[in-house]
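S.K.: predicted model follows, preceded by the sequence.
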Amino acid sequence: MESSRNLPPADLVAHVAAQLREPIFPGAHLVLGLSGGMDSVSLLHILAELSGPLRFSLRAVHINHGISPRAADWARFCQRLCAQLGTPLAVEAVDISSFRHLGPEAAARAARWSALRRHQADFLLLAQHRDDQAETLLLQLLRGAGPAGLSGMAPSAFFTDSLRGQVRVLRPMLDLSRAEVEAFVRSRAYQWVEDESNANVALDRNFLRHQVLPAIMNRHAHATRALSRSAGILAEAALLLEEL
């Protein structure tokens, strides 16, 4: 799937460096949301490698939602990994009960986002990739969203914090496919944890990931690239509508 245009594993570090070189300034403090899964582990290793050349400081935050019986194991894995890389790590336990009315997926996401926003940083980095963007667009289509919802996730966005003003969120792997990220971590023999809930197709995103998108890509090999491009176009349309 899309193999003719996939980046070689060695190029992923250069790709992320290119995404960060313009926004990141010397001395900037970066916080990475670290789940322990393949995507955030790959970005942690890349950022640890780039922190010297790009002259930024790095800290990771792991959110324990308390949902999985393996949650404590995941936190310990992240602690060991960050200790090996010399990256400071904060582990936060969150209570999703106040968000349960949103549904299980959205509740975990809202609690996670609320916790991440409490950590002081110049930039908050997240490890979503192009396949995540395609899934997000399909989810929003099924919800009947308008241009703002269909714009998906932005590679760079701002949120306003009452104490710190604006904090910039960066997703430097949003142009990369899941296959590219996996090839990178396997080429370097990195370890990561698997969330067993990712196999639960009763959850909408997992249903799209495991059953819908593979069927689409069997017929349209570049579907995730096209869906991601559509999200970018809709983001521009949403901005124009807001200005009007």
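M.R.: Sure, I can see it. Since the structure is predicted, the reported quantities are computational estimates derived from the model, not experimental observations.
S.K.: ok so residue 31 is a strand residue?
M.R.: Yes. The assignment for residue 31 is a strand, going by DSSP: H, G, I helix; E, B strand; the rest coil.
S.K.: going forward, begin numbering at 39 instead of 1
M.R.: With 39 as the first residue, the last one maps to residue 69.
S.K.: how much space is there between it and residue 239?
M.R.: 32 Å (C-beta to C-beta, to the nearest Å). C-beta coordinates here come from the backbone N, C-alpha and C atoms, glycine included.
S.K.: compare those two (neighbour count), which wins?
M.R.: Neighbours per residue (other C-beta atoms under 10 Å) separate residue 69 from residue 239, with residue 69 holding more: 23 against 14.
S.K.: what's opposite the more buried one in the beta bridge?
M.R.: residue 97, residue 162 (DSSP bridges).
S.K.: so where's this protein shaky on pLDDT?
M.R.: Applying pLDDT under 70 to the chain flags the ranges 39-43, 48, 137-142, 198-203.
S.K.: can I get stretch 147-158 in PDB, CA atoms only?
M.R.: This file holds the C-alpha atoms of stretch 147-158, laid out as PDB (Å, rounded to 0.1, in the frame of the first residue of the first chain):
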ATOM      1  CA  ARG A 147      -9.600  11.700  24.800                       C
ATOM      2  CA  ALA A 148     -11.200  14.600  26.700                       C
ATOM      3  CA  ALA A 149      -9.600  13.500  30.000                       C
ATOM      4  CA  ARG A 150      -6.200  13.000  28.300                       C
ATOM      5  CA  TRP A 151      -6.400  16.400  26.600                       C
ATOM      6  CA  SER A 152      -7.400  18.100  29.900                       C
ATOM      7  CA  ALA A 153      -4.300  16.600  31.600                       C
ATOM      8  CA  LEU A 154      -1.900  17.400  28.800                       C
ATOM      9  CA  ARG A 155      -2.900  21.100  28.800                       C
ATOM     10  CA  ARG A 156      -1.800  21.400  32.400                       C
ATOM     11  CA  HIS A 157       1.800  20.900  31.600                       C
ATOM     12  CA  GLN A 158       3.800  24.000  30.800                       C
END
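S.K.: alright, calling it a day.
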